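[1] Predicted model and sequence follow; I will ask about them next.
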Amino acid sequence: MIPPVEELIKKAQQNDLLAFEELVALYQDRVFTHCCHLTGNEHDAQDLAQDVFVQAFNKIKSFRFSANFGTWLHRIAVNLWINHVRRNRKVITFSLDEPLTNGEGLLFRELAASQENPLDEMERRELKDLLNSALDRLHYDYRIALVLRELEGYSYEEISSITGWSLGTVKSRISRGRKALKKELARGHWIDN
């Protein structure tokens, strides 16, 4: 039987590595999903999630039971992601449709087949890529607000707790983020103005 989260946290604060490993096991899926929403891809999400748990381990003694542990982890993720975005503003993209060249000619990328109807899968991927691309073009404050509210379903109060923003700022950034996202999507002619 797994001890309650509070007990695991207290043990981890006393340098109990096994207790911290149990916390990781309990929260890793939620943290990874959160990181996927922030980064827009699984590779960067894995790196971010790992950094979240490293920082959580290093700062576990500062955890004050006034917040939910999952919310505390999400706040660490948001802060790490903001710092990453600020340091690495340049994003490199490439097309899967463009062939690769090597010394012997052109190589074309092939995608594996799936069980899903190819047309439905293509439309779903295009929509997801379009949404992620539009989110990437938003200011990171708007992206964070929209990810937490629309993709992860947090309340305004929870977003305020995670980000450290006032309730008014949360509402404003969600509203402005929605408008900015709609504008970005309209540029791609996917929605009507």
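    Looks like it arrived, so ask away.
[2] And what about residue 19, helix, strand or coil?
    Here residue 19 is recorded as helix under DSSP: H, G, I helix; E, B strand; the rest coil.
[3] can you tell me how far the residue lying closest to it once chain neighbours are set aside sits from residue 181?
    Spatially, and ignoring its direct neighbours in sequence, residue 19 is nearest to residue 11 (3.5 Å; Cβ to Cβ, 6 or more residues apart in numbering). The way it works is simple: take the backbone N, C-alpha and C, and place the C-beta from them, glycine included. With distances taken as Cβ to Cβ, to the nearest Å, residue 11 is found 43 Å from residue 181.
[4] Output the strand or helix carrying residue 178 as PDB, nothing but the C-alphas.
    According to DSSP states H and E, residue 178 maps onto helix 167-187. The C-alpha trace of helix 167-187 is given here as PDB (Å, rounded to 0.1, in the frame of the first residue of the first chain):
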ATOM      1  CA  LEU A 167      -6.700  36.500 -10.800                       C
ATOM      2  CA  GLY A 168      -7.200  39.600 -13.000                       C
ATOM      3  CA  THR A 169      -4.000  38.900 -14.900                       C
ATOM      4  CA  VAL A 170      -5.100  35.300 -15.400                       C
ATOM      5  CA  LYS A 171      -8.500  36.400 -16.800                       C
ATOM      6  CA  SER A 172      -6.900  39.000 -19.000                       C
ATOM      7  CA  ARG A 173      -4.200  36.700 -20.400                       C
ATOM      8  CA  ILE A 174      -6.800  34.000 -21.200                       C
ATOM      9  CA  SER A 175      -9.000  36.500 -23.000                       C
ATOM     10  CA  ARG A 176      -6.200  38.100 -24.900                       C
ATOM     11  CA  GLY A 177      -4.700  34.700 -25.600                       C
ATOM     12  CA  ARG A 178      -8.000  33.400 -27.100                       C
ATOM     13  CA  LYS A 179      -8.200  36.500 -29.300                       C
ATOM     14  CA  ALA A 180      -4.500  36.200 -30.400                       C
ATOM     15  CA  LEU A 181      -5.000  32.400 -31.100                       C
ATOM     16  CA  LYS A 182      -8.100  33.100 -33.200                       C
ATOM     17  CA  LYS A 183      -6.200  35.700 -35.100                       C
ATOM     18  CA  GLU A 184      -3.300  33.300 -35.700                       C
ATOM     19  CA  LEU A 185      -5.700  30.500 -36.800                       C
ATOM     20  CA  ALA A 186      -7.500  33.000 -39.100                       C
ATOM     21  CA  ARG A 187      -4.200  33.700 -40.900                       C
END
